[in-house]
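*Asks:* Requesting a structural model of the entry that follows:
(chains A, B and C)
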Amino acid sequence: MAQRLGPRHFAFDEWSRGSSWLHRLDPRWKLAATLAAILFASLRAEAWLTAPFAILLALSARLPARSIAWRAAAVLPFSAVFALMSWHAGDAARAALLLWKPYVSALWAALLMAVTPLEEVLAAAARFGAPRLILEVMHFIWRYLGVLSGQAWRMRTAAAARGADRSFEVSAASLAVLFAASYQRAVRVHRAQLARGGGGLR
Amino acid sequence: MSCIVHARGLRFSYQPGREILRGVDFQLHRGENVAVFGRNGSGKTTFLLHLNGILRGEGHLRVCDLPLDPSHLQLIRRKIGFLFQDPEDQLFRPTILDDVAFGPLQAGLSREEAERRARRALALVGIEQDLDRAPYHLSSGEKQRVALAGILAVEPEVLILDEPTTHLDPPARRALLELLKGLPQAKLVVTHDAAFARALCPRAVFFDHGRIVADGPIDDIIRRFDWDLGSLPQTSPAPR
Amino acid sequence: MHIPDGYLSPAVSGVLGAASLAGAGAAARRASQSLEESRVPLMGMAGAFVFAAQMINFPVAAGASGHLLGGALLAIALGTAPAVVVMTAILAIQALLFQDGGVLALGANVFNMALAGVAAGGWAWQAFGSLRRRRSAAFAAGALSAFVAACLALAELALSGIRIPGAALAAALGVFGLTALLEGAITAAVVAALESVQPGLLERAHGSPRRALSGLLLASLVLAAAGFLVASSLPDGLEHLAESIGITQLERTVLASPMPDYEARWLPSAWLQKAGAGLLGLVVTAAVCWAAGRWISRWRSA
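*Replies:* Okay, the predicted model is just below:
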């Protein structure tokens, strides 16, 4: 899904730094509970009841429950297509499943990320045995997502201002420049890490 | 006065045949503030990256009376605080406090002590609120101050600043100047901002094609290389 | 295509999840061994780049435009194992923070895009990229990676009992074909542009090309994807095949799920049932080939 990255995408950073009881719970419990809830939703039809429960939890954590519920609704357009096909084929029950299951799963995932900062989720995943390299890369991606997206957006605007945004070649050149800039930035970040004593001695 | 940086005949090339540094001679003494001038590509930043061992060239180089070999690098990198041009490249931890505490933690301090040092450094640069928030939403000037705090937290002896005023508006520039003037460390400031340099550094060196070709009082250097716009006449009114 | 939660059956999810865990874990180990520390920022930045790159539009025709998917470009720029790691990280971020793709479905999405897609792209680049025709190699890498990933996703959905009427199926395959062509074109154009912007940037990426094994993997995956297409048009042939290799037994035990949501309405038509069985067998074969390939190469290099 290509979309312009704006401040709303980083709302989780804000939300997850609250101080409610839910925020202060051990991240490992939260991660495990979320996975259990999602697994439950995939296996049993009664799991749709967990959705209002998730909303209640969000409210008790003093979070904007409506925004979170809306976030989770991002899965609905895609689901609607398949649900429609099932319904059209006479399988109304399946159509309903295809609508609420993805939603409940997305709701629980959104709740988790709204009460737990990403690095704590990653640390919990590391304790559960996830490969460290993947988690480190995830941390970096999230950190520099906004920076690089800002750069990409400015390039796109600059190209449009010159009337060149409808050209395949210009877009390819923009990506190449963005990639080269990203590479240089990675070199600088690594040097900054070295300069502060991290990143492994070379 | 003890000598903190001593370079003689420093040479470096990224690729064979393309020498960036062609024999740099330089000395820096404790507590000195020195401006580093030169055109883009003349080797200023490349030279400075040798001082904390990120780049390794040939020739003589001692920093804080230590050679630049792997066994001393960790210590040298605490003594030399390097502030990179874009603070975005330096702040990579999730919260402000976390980022500033990174250096002390790497130095082996406990979590509590590292955080204590971090808070002290942040207070020094004037950032005392919202330490648990991500640094990404701060202004350029604030980000730079957080990055500077991260360096000050390990108590360096030399501060290297690579074009520190590039992203700053005039009030932020003035604030940085006041902040730096109050710090006792020796400073090497790469900058094109002659006014800023003049206000902070009595001495300047001028890089040209990989060598230092001039070293002396800053006003002399600026005048000699015409490095300041201040000497141009005022804009005249448009002709009728 | 990011599959949300609640679409795939437990059997399909389980098999793919296991294969993904093994594959991504192996890639992470391999990448960690051969990487200098400086590669972690580079990999992270490459991942952030893929996100950012999605905002640059590539005009296709009459107002429509597409964007880079990235699996092949990552494989070309970083090498296959690091690309698998980065793609996995991207998918995980998308699932958790963008609600794009399910959390449990990560197993399937990682298999389709981070393993199969990247392997396909990496294989094409290594197989053809050493010749002077780098642009064509990049095109093949992009097209193959997108097509394989999409077909696998569709196959998994069909196998899980999602109803896809014939017309929609044909339309989906058409869209996949176009997406593949576009991804190939974008990848080729970016590789060409990169070589002029910063020549030598892509040279460092090549690890040791295990062509034979990668080719085996690719063959089995293409087989899996093709299997679905074949199954939908030759039900009888597949039934014979299924009987002769004993898969019909498997079909009865594995596909008769005890889960109430999936019983009775499961794969109502007989031919789809057989096709599903055949496909499951092929996917299992592919996973076994992958695991075997990893084992063999590790044993060889030990």
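*Asks:* Name the residue of chain B that lies nearest to chain C.
*Replies:* residue B:92 (8.2 Å; CB to the nearest CB). All C-beta atoms are positioned from the backbone trio N, CA, C, and that covers glycine.
*Asks:* Phi and psi next, for that residue.
*Replies:* When quoted as degrees, to the nearest 10, the phi and psi of residue B:92 stand at phi -130, psi 0.
*Asks:* Let me see the contact set for it.
*Replies:* A:140, A:143, A:189, A:192, A:193, B:99 (CB atoms under 8 Å, 6 or more residues apart in numbering or on different chains).
*Asks:* how about the nearest residue to the third one, chain neighbours excluded?
*Replies:* Nearest non-adjacent residue to residue A:189, counting by CB to CB, 6 or more residues apart in numbering or on different chains: residue C:41, 4.5 Å away.
*Asks:* What segments of chain A are helices?
*Replies:* For chain A, the helices defined by DSSP state H occupy A:11-15, A:21-24, A:27-43, A:50-60, A:65-72, A:76-88, A:92-115, A:118-127, A:132-161, A:168-195.
*Asks:* Packing partners of the helix of greatest length in chain B?
*Replies:* In chain B, with assignment by DSSP H, the single longest helix is helix B:111-125. With contacts defined as 3 or more CB pairs under 8 Å, 6 or more residues apart in numbering or on different chains; DSSP states H and E, helix B:111-125 has these neighbours: helix B:96-106, helix B:140-152.
*Asks:* Dump the ones you listed to JSON lines, plus mean neighbour count, distance to residue A:72 and mean pLDDT.
*Replies:* Listed next are the helices and strands packed on helix B:111-125 as JSON lines, based on neighbours: other CB atoms under 10 Å in any protein chain shown; distance: least, CB to CB, whole Å; pLDDT from 0 to 100:
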{"stretch": "helix B:96-106", "mean neighbour count": "24", "distance to residue A:72": "29", "mean pLDDT": "91"}
{"stretch": "helix B:140-152", "mean neighbour count": "24", "distance to residue A:72": "33", "mean pLDDT": "93"}
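*Asks:* who wins for proximity to chain A among the ones you listed?
*Replies:* Among the helices and strands packed on helix B:111-125, helix B:96-106 comes nearest to chain A, with 3.8 Å by CB to the nearest CB.
*Asks:* Can the closest one be said to contact chain C?
*Replies:* No - Helix B:96-106 does not reach chain C (CB under 8 Å from any CB of the partner chain); its nearest approach is 13.3 Å.
*Asks:* hang on, the earlier thing: scan the contacts of residue B:92 and report the most crowded one.
*Replies:* residue A:189 (27 neighbours; other CB atoms under 10 Å in any protein chain shown).
*Asks:* wait, what's in contact with residue C:194?
*Replies:* Residue C:194 neighbours (CB under 8 Å, 6+ apart): A:176, A:179, A:180, C:201, C:202.
*Asks:* again but with residue B:161, I slipped
*Replies:* Residue B:161 touches B:83, B:180, B:187, B:188, B:189, B:190, B:191, counting by CB under 8 Å, 6+ apart.
*Asks:* what about the spatially closest residue to the last one that is not a sequence neighbour, which SS state?
*Replies:* Read it as residue B:191. The shortest distance from residue B:191 to any non-neighbouring residue, by CB to CB, 6+ apart, is to residue B:197 (5.2 Å). Assigned with DSSP: H, G, I helix; E, B strand; the rest coil, residue B:197 falls in the helix class.
*Asks:* Adding distance to chain A, write the helices and strands packed on helix B:111-125 out as CSV.
*Replies:* Formatted as CSV, the helices and strands packed on helix B:111-125 follow (distance: least, CB to the nearest CB, whole Å):
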stretch, distance to chain A
helix B:96-106, 4
helix B:140-152, 7
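*Asks:* Which one, of those, ends up nearest to residue C:121?
*Replies:* Proximity to residue C:121 (CB to CB) singles out helix B:96-106 among these, at 35.9 Å.
*Asks:* re the thing from before, among the contacts of residue B:161, which lie within strands?
*Replies:* B:83, B:187, B:188, B:189, B:190 (DSSP state E).
*Asks:* List just the nearest of those residues to residue B:24.
*Replies:* Of those, the one sitting nearest to residue B:24 (CB to CB) turns out to be residue B:188, at 12.7 Å.
*Asks:* Return the distance of the closest one relative to residue B:216.
*Replies:* To residue B:216, residue B:188 is 16 Å away according to CB to CB, to the nearest Å.
*Asks:* Compare the two and say which one has the larger neighbour count.
*Replies:* residue B:188 (25 against 13).
*Asks:* beta partners for the more buried one?
*Replies:* Per DSSP bridges, the residues bridged to residue B:188 are residue B:34, residue B:160.
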